[in-house]
Every structure is written in structure tokens, then in C-alpha cells.
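Participant: only the shape, not the letters, is given here:
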């Protein structure tokens, strides 16, 4: 496993990290989740991601329990705040009240004294940015949070946060968690350049396009294997847009290129994401230990400029 620095900090995280969205506390039983997390740790993954809204805290409990047997100093854990955690008017958002209450609740569920990274899961237009950043600053100063990040914020929103932090001498955001994969490249236009200028790394989710870039899907309803996310109502909304003839034809062509390299199309897709120096880690999901064994091999795949150009040709034809 290779490790990269997170933004302008001295923190090093594994190039491949393990997430819990749509899996732990949900479609994967707790025992299998624990085995998968253990497998990831043993293979060198030191970076684990969750969020308070993933099954209303259940994912945090599963991840925290699975990591309890390891030295706290040996891994990096991230969680998030913003989403709805109750029916009350203050049970969502980035107000001081909600952040502080949810930070304490997340720590309790994880069984930890602190989290390494605390993300603002989305931007909150109803709360002043300075209120949010001052609250996060207090969490950092109290030792409950080490580094601050955001997820799915626009470049303009991130720039505002940087300006507010500089004005009031508050902790700057050092990491952003956006979606990024071969079929979703929006961050290349503004987010990555902003990150490079300001010392903000990207920790990208869905590098395999919800499994489409594993190559397990083929065209037509019969091409959806049993147990796949395409047949799961809770995640189908995220994957259906990539199960088109155009996308699946691209995957078929990528398979040929992957065979030339002696790797799987999934490993190729993750390596393509990691070609970006501003990407600190590719966040993968795994419902079985063997999946993480395969995904982790992407850290060994190196893409030459020629290979990157060949991939670009595949991805842009008739787009």
C-alpha cells in the first residue's frame, strides 16, 4: 500500500480507503463488515470513512466496533455532519448546536475520544459560514477533531470558507470529499485546481461508479447479477444512470486495456483516479473481504501518459 499526504498537513493516508455508505449497518451483516474492515487493515489500509447519517448512526457503530481491537494511533477515521438525524427543526444542518451535538453523538457511537477528520457533509445555506467554522475550530481546540473537511461543496463555497477562515484565523479546510470516476469528472474543472492552489486534497467516493466500472454488468436486464447494487432499490437510484449502452460499451473497451496491463477493469479505474496528484485517496466500498483484496491491488497499477491518453480516447468517443 502507498500513502499520500492529506492536503497541506503532515497526515498520511492510504491511497485506497474503505467507506461504509450503503453497506455497513445496512445491506452487509455486522460480522462480514468486521471481517472486511479487518482484511483492509491487515493489507495496509489505514483510512476508514463513515457518517452519522449512514443508517442513522448504525454504520458508525459497526465501524467503531470493528476497529476497537487496533491501536488508535494506527488508523485514520473520518465521519460527517449535516444530514437529518431527527424530526426536530435543529436536527440537521451546520449550526453550532447541531454540529456540537452530533460530534459528541458520533464519538459515542464510534467509541472514540476524537476523530481524525470531520466533514461538513453538504453546504448549509441557512447557517453563516463563520458560525460553522468557529464551531469546528472549537472542536479542533478541544481535541475532538484533528482536521476539518467538506464534502460535495462547490468551488465557490470552498473559496468562501477559506476566506472566512483566513479573516478570523480559524482552521482551514484541508480535504474535500467529492464524487469522482471515469464517468463523472466535474471536479477536474474547478475543484482540483482550487485544491492544488490551497492545499486541499480530494478523497473521492464512488471511483467505480457504484460498481459499473468493475465490469460485472452487461447490457440488458439479464446483465444485472444477483446481489448486485443494480437490483437493490436503496442504491439503484445512484447506479441506474450508468447502466446505459454507451457506458457499458466503454467498460467493455476498458476491459481490453486492463487485460493488456494484467489487471482488472476495477483496478484500472481506481488507478486512473489516483493518477491525479491532488487525489489523496480513492474511497471504495466492499461488502466482502475478497473485494478489498482485489481493489487494493490498484495501488500497484501505474499508468503511463500513453495509457492515460488511450483511456481518454475511450471515454470521449461519441460522448
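Facilitator: Yep, that arrived. Just so we're clear, the structure is a prediction, and the values are computed from it rather than from any experiment. Numbering: from 1, shown residues only.
Participant: so residue 272 is in which element?
Facilitator: helix 265-274 (DSSP states H and E).
Participant: contacts for the helix or strand that that helix is followed by, please.
Facilitator: Next in sequence after helix 265-274, counting helices and strands by DSSP H and E, comes strand 279-284. By Cβ atoms under 8 Å, 6 or more residues apart in numbering, the surrounding residues in contact with strand 279-284 are 4-7, 13-19, 47, 49, 175, 177, 180, 201-208, 270, 273-274, 292, 295, 298. Backbone N, C-alpha and C define where each C-beta goes, glycine included.
Participant: just the buried residues from these, in ChimeraX please.
Facilitator: The following ChimeraX line selects those of those that are buried, judged by 16 or more other Cβ atoms under 10 Å:
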select :4,6,7,13,14,15,16,17,18,19,47,49,175,177,180,201,202,203,204,205,206,207,208,270,273,274,292,295,298
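Participant: in strands only, show me the contacts of strand 279-284.
Facilitator: 4-5, 13-14, 16-18, 47, 49, 175, 177, 201-205 (DSSP state E).
Participant: closest to residue 94 out of these?
Facilitator: Comparing those against residue 94 with Cβ to Cβ places residue 177 closest, at 15.2 Å.
Participant: spatially central residue for the chain, please.
Facilitator: Centroid check for the chain by Cα atoms, centre = their mean gives residue 205 as the closest residue, at 3.5 Å.
Participant: need the contact list for it.
Facilitator: By Cβ under 8 Å, 6+ apart, the contact set of residue 205 is 19, 21, 177, 178, 179, 180, 283.
Participant: likewise for residue 97?
Facilitator: Listed by Cβ under 8 Å, 6+ apart, the contact set of residue 97 reads residue 90.
Participant: element containing residue 117, please.
Facilitator: Applying DSSP H and E as the criterion places residue 117 in strand 115-120.
Participant: actually, residue 252.
Facilitator: Assigning secondary structure by DSSP H and E places residue 252 in helix 245-261.
Participant: okay, now the unreliable bits of the stretch 101-250 of the chain?
Facilitator: Applying pLDDT under 70 to the stretch 101-250 of the chain flags the ranges 220-237.
Participant: repeat the analysis, applying 50 as the threshold.
Facilitator: Across the stretch 101-250 of the chain, the ranges flagged by pLDDT under 50 are 222-223, 226, 229-231, 233-234.
Participant: quick check, residue 116 in contact with residue 148.
Facilitator: No: using Cβ atoms under 8 Å, residue 116 is not in contact with residue 148; the gap is 10.7 Å.
Participant: name the helices or strands packed onto the helix holding residue 272?
Facilitator: Where contact means 3 or more Cβ pairs under 8 Å, 6 or more residues apart in numbering; DSSP states H and E, helix 265-274 is packed against helix 245-261, strand 279-284, helix 289-296, helix 305-316.
Participant: could you say what helices and strands the first one packs with?
Facilitator: Packed against helix 245-261, as judged by 3+ Cβ pairs under 8 Å, 6+ apart, are the following elements: helix 265-274, helix 305-316.
Participant: just those: most buried one?
Facilitator: Mean neighbour count, computed with mean count of other Cβ atoms under 10 Å, is highest for helix 265-274 among those, reaching a mean of 24.
Participant: show me what contacts residue 291?
Facilitator: residue 36.
Participant: now the helices and strands packed on helix 245-261 as a markdown table including distance to residue 167?
Facilitator: Shown next, in a markdown table, are those (distance: least, Cβ to Cβ, whole Å):
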| stretch | distance to residue 167 |
| --- | --- |
| helix 265-274 | 34 |
| helix 305-316 | 40 |
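Participant: what's the closest of those to residue 168?
Facilitator: Minimum separation from residue 168 across these (Cβ to Cβ) falls at helix 265-274, 34.3 Å.
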